[in-house]
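> need a 3D model of the following:
(chains A, B, C and D)
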Number of protein chains: 2
Amino acid sequence: MEKSDPVTVTLTDRLFDTLQRAIVEGEIQSGSKISEPELARLHGVSRGSLREAIGRLEARKLVERKPNLGARVVSLSYEQLIEIYQVREALEGMAARLAAQNMSDKEVEELQSLLNEHGREIEEVHGEAYFQKQGDLDFHYRIVQGSKNHHLIGLLCNDLYHLLRMYRFQFGMRSKRSSQAYDEHHYLLNAIASRDPEMAELLMRQHIRSSRRNVERMLLES
Amino acid sequence: MEKSDPVTVTLTDRLFDTLQRAIVEGEIQSGSKISEPELARLHGVSRGSLREAIGRLEARKLVERKPNLGARVVSLSYEQLIEIYQVREALEGMAARLAAQNMSDKEVEELQSLLNEHGREIEEVHGEAYFQKQGDLDFHYRIVQGSKNHHLIGLLCNDLYHLLRMYRFQFGMRSKRSSQAYDEHHYLLNAIASRDPEMAELLMRQHIRSSRRNVERMLLES
DNA sequence: TTGACTAATATTGTCGACACATAACAGAAA
DNA sequence: TTTCTGTTATGTGTCGACAATATTAGTCAA
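Below you'll find the model as predicted:
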């Protein structure tokens, strides 16, 4: 009789999740100072637990801490976003390469149906926002999982993606290129399905570069 | 009047450094359990501070923690080492690409003299151990710095390199291919000096792949 | 002897309080 | 008024103690 995963997650764990969401979604203003006593009182928790949670946020680069001065939520800059995209290009490129080698046939099939789904939705809605918001992340997420490289998976899914979501939330970045992105996903998946690692990496990197250029344009307008 | 950097680093900081060194160099057996009360007593420090230090070690993937069970030093496996090399290939490849674009002429020159130095040392000593141990890291370190991408620099210099050093210490990995590595460094630096990002990335990735193959051979012997 | 159940022990999670550093403020000197 | 200095106040760093959970030891029955 399997006891269903006691969900005993420690208090610090829950706190961390809560704070991460609050920061990513902008409830806690980016760049603002974090007062330990205030936050602790607010969440009805001791400062010790809070500090451990903040420590984890720092590890994920969502807050910055200076000794004796306290912690601030990172402030989002254009330069930092570019840096993130460069790292992402490198890592996801490798993920695509590995996915072409290591994804199971079943996973590839499921990814194909997911992509078909996206295609229909784009036709129907004359696809505007949905794609970037959810579908895009889903697609990338699955490929990263398919790499089967746990270190890589951790770096992308635990660290980078939250930072990216933070930018999307706060800069209101929604792509106006869903049909192009869809095409790119299509080619990429073909490369993976034909087990062509070289091509998969190449296409993934192009896809991310073009996504970056799109973001650059968008930000330079405002 | 510049006050010289108060070196007030918090107690947790020093603890973290100490523990990180101890783990990397194998003083604390890999795979062994970390007892909070014991370690705290040993270092004459409270459990709270120790726990914060352990938290940072966890973020750098040097220890693994399970709720209510405590922390263990990561156990090094062949599979994990391969994973690390794959991540490293992706990240350092990108670093080399960016370095070719962003390194200052001065930095390139300094790197060239460093490499010449290495060349002389290899000739003299009929270069055995030195290269892998120090020179190799120096060279890579500088290129990563030259990328000017702080996110990338953090990932490589703060996280990956310590893990790698841990493997080297504990598996006693010393390369028997210093002259080949030297040649590869040479070609790579040429690409950077001629500001050829594409070629720089290509050569760096080949270099790391061949280093990985070397490590694989070495481990499969024992 | 083995197995399961219970009691005792040790370890982790959480808390509140104290020590110290930094920031805010008020008053004196220029 | 402006600047400097000493004082107050807020906030972070560190600690020791209590509560909750896991591990070990011990007991009894099969």
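> from the centroid of chain A, which residue is nearest?
The centroid of chain A falls nearest to residue A:161 when counting by CA atoms, centre = their mean (1.7 Å).
> mind listing what it touches?
With contacts defined as CB atoms under 8 Å, 6 or more residues apart in numbering or on different chains, the neighbours of residue A:161 are A:137, A:141. Backbone N, C-alpha and C define where each C-beta goes, glycine included.
> avg pLDDT for the helix or strand harbouring it?
Element membership of residue A:161, judged by DSSP states H and E, is helix A:161-171. What helix A:161-171 shows for mean pLDDT is 93.
> hey, C-alpha coordinates of stretch A:175-183 in CSV?
Extracted in CSV, the C-alpha atoms of stretch A:175-183 (Å, rounded to 0.1, in the frame of the first residue of the first chain):
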residue,chain,number,x,y,z
SER,A,175,5.1,37.6,-29.0
LYS,A,176,3.5,38.7,-32.2
ARG,A,177,5.2,35.9,-34.1
SER,A,178,3.4,32.8,-33.0
SER,A,179,3.0,31.4,-36.4
GLN,A,180,6.7,31.8,-37.2
ALA,A,181,7.6,30.3,-33.9
TYR,A,182,5.2,27.4,-34.7
ASP,A,183,7.0,26.8,-37.9
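> centre of the chain versus it, how much separation?
18 Å (CA atoms, centre = their mean, to the nearest Å).
> and if you look at stretch A:35-54?
In terms of CA atoms, centre = their mean, the centre of stretch A:35-54 is set 26 Å apart from its chain centre.
> over to stretch A:177-185?
Relative to its chain's centre, stretch A:177-185 lies at 18 Å (CA atoms, centre = their mean).
> what parts of chain A come near DNA strand D?
Within chain A, the positions adjacent to DNA strand D are A:6, A:8, A:33-38, A:47-48, A:51, A:65, A:67-71 by CB under 7 Å from any atom of the strand.
> in the helix holding residue A:161, which residues are buried?
Applying a neighbour-count criterion of 16 or more other CB atoms under 10 Å in any protein chain shown, the buried positions in helix A:161-171 are A:161, A:162, A:163, A:164, A:165, A:166, A:167, A:168, A:171.
> number of nearby residues for residue A:178?
Using other CB atoms under 10 Å in any protein chain shown, residue A:178 has 23 other residues around it.
> give me the pLDDT value at it.
Per-residue confidence (pLDDT) for residue A:178: 77.
> ditto for residue A:174
With respect to pLDDT, residue A:174 has a value of 73.
> returning to what we had before: next one: the helix holding residue A:161 to chain centre, how far?
The gap between the average C-alpha position of helix A:161-171 and the chain average comes to 8 Å, counting by CA atoms, centre = their mean.
> how far does the helix or strand that comes right after it sit from the chain's center?
Using DSSP H and E, the helix or strand that follows helix A:161-171 towards the C-terminus is helix A:178-193. When C-alpha coordinates are averaged (CA atoms, centre = their mean), helix A:178-193 and its chain have centres 19 Å apart.
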